[in-house]
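In: Sequence first, predicted coordinates after that:
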Amino acid sequence: MKEKLLLLIKIQECDSELVKLSAKKKTLPENIEKLNQEFSAFEEGIKKNKLKYDELKSRHSENETKIKKINESIVKTKERMLEVKNNKEYQAMLKEIETAESSRGEVETSIISILDELDKLAVLVKKDGEILKQNRDKYEQEKKTIEDDLNAVDSDVVNWEQKRIELQKNIPDDLIARYERIRKRNKGIGVTSVWKAVCNGCHMNIPPQLYNEVQRSEELFSCPNCNRIIYFQDIEKPSEIS
Ligand SMILES: [Zn+2]
């Protein structure tokens, strides 16, 4: 492999890695944000049974208070009955007690159905709690993986940039300028392999004579279609580039 070409290929590797890293720096925080939103939505959804449970629990204690008040009023009415002078008043009080007792009955019936519902909900709430815990663990794990990845990006960028600076020292300025020019016009790829007369940059065929020359000559050739600097690589053999 031609020495300059080998250096260019390595420079290309650095540049491609740097492009990937800068994309990561943008997408990883977006992935974290997406994960946060998904978990919040899940958490919100799974709270429904618990909210219903809490609401019923407070209705239950309201009903207990109602019963207490009804009982107190019955006691008071019974006390007043001891002091009544005429039958009409006495009958009215009996009626009052009867009404109070019947509404107490209604409240008691509602308490029974609430308790029944609370029992069923308690089972669901417990299950939801377990599911929520599992999901929270999974969410936190995934988030940590992405965060670790993101934290590594900056130091990776420094490493690749350093490597690139070292490589560039050994390449003539005009060649690096040519590479940069081509790379800017070709989606970040300035040098690419050719195999079976096909350019791996643009996937177009290159003329047979050029293909022969690329394999034999020490010169640097460009793809006639995409203009990228091309080199021959037998992809069925282990790479010479390392
Ligand atoms: Zn090409």
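Out: Alright, I've got the coordinates.

In: And for residue 2, nearest residue in space, chain neighbours not counted?
Out: Closest residue to residue 2 apart from its sequence neighbours, by Cβ to Cβ, 6 or more residues apart in numbering: residue 218 at 5.7 Å. All C-beta spots, glycine's among them, are computed from the backbone N, C-alpha and C.

In: next one: residue 188
Out: residue 19 (5.3 Å).

In: Now for that neighbour, how many residues are close by?
Out: Neighbourhood size, residue 19 [other Cβ atoms under 10 Å]: 13.

In: What helices and strands are in contact with the host helix or strand of it?
Out: Following DSSP states H and E, one finds residue 19 within helix 3-46. With contacts defined as 3 or more Cβ pairs under 8 Å, 6 or more residues apart in numbering; DSSP states H and E, the packing partners of helix 3-46 are helix 87-168, helix 173-185, strand 191-195, strand 229-232.

In: can I see the domain layout of the protein?
Out: Domain assignment for the chain by automatic domain parsing gives 26-167, 172-232.

In: got the contact list for the closest residue to residue 136 other than its chain neighbours?
Out: Nearest non-adjacent residue to residue 136, counting by Cβ to Cβ, 6+ apart: residue 39, 7.4 Å away. Residue 39 makes contact with 135, 136, 139, according to Cβ atoms under 8 Å, 6 or more residues apart in numbering.

In: Get me the contact residues on the protein for the ion.
Out: Residues of the chain found near the ion (Cβ under 5 Å from the ion) are 199, 201, 202, 223, 225, 226.

In: among these, which two are most distant?
Out: Greatest spatial distance in these: 201 and 225, 8.5 Å, computed using Cβ to Cβ.

In: roughly how far apart are residue 176 and residue 106?
Out: 90 Å (Cβ to Cβ, to the nearest Å).

In: now swap in residue 208 and tell me
Out: Separation of residue 208 from residue 106 (Cβ to Cβ) stands at 97 Å.

In: again with residue 15
Out: Distance from residue 15 to residue 106, by Cβ to Cβ: 80 Å.

In: of these two, who's got more company?
Out: residue 15 (19 against 11).

In: who touches that one in this structure?
Out: 164, 183, 188, 190.

In: now do 10 Å
Out: 160, 164, 179, 180, 183, 188, 189, 190, 191 (Cβ atoms under 10 Å, 6 or more residues apart in numbering).

In: hmm, back to that, tell me which of the domains of the chain is the most buried.
Out: Greatest average neighbour count among these goes to domain 172-232 (a mean of 16), per mean count of other Cβ atoms under 10 Å.

In: Hmm, residue 227 is touching residue 186, no?
Out: Yes - applying Cβ atoms under 10 Å, one finds residue 227 in contact with residue 186, separated by 7.0 Å.
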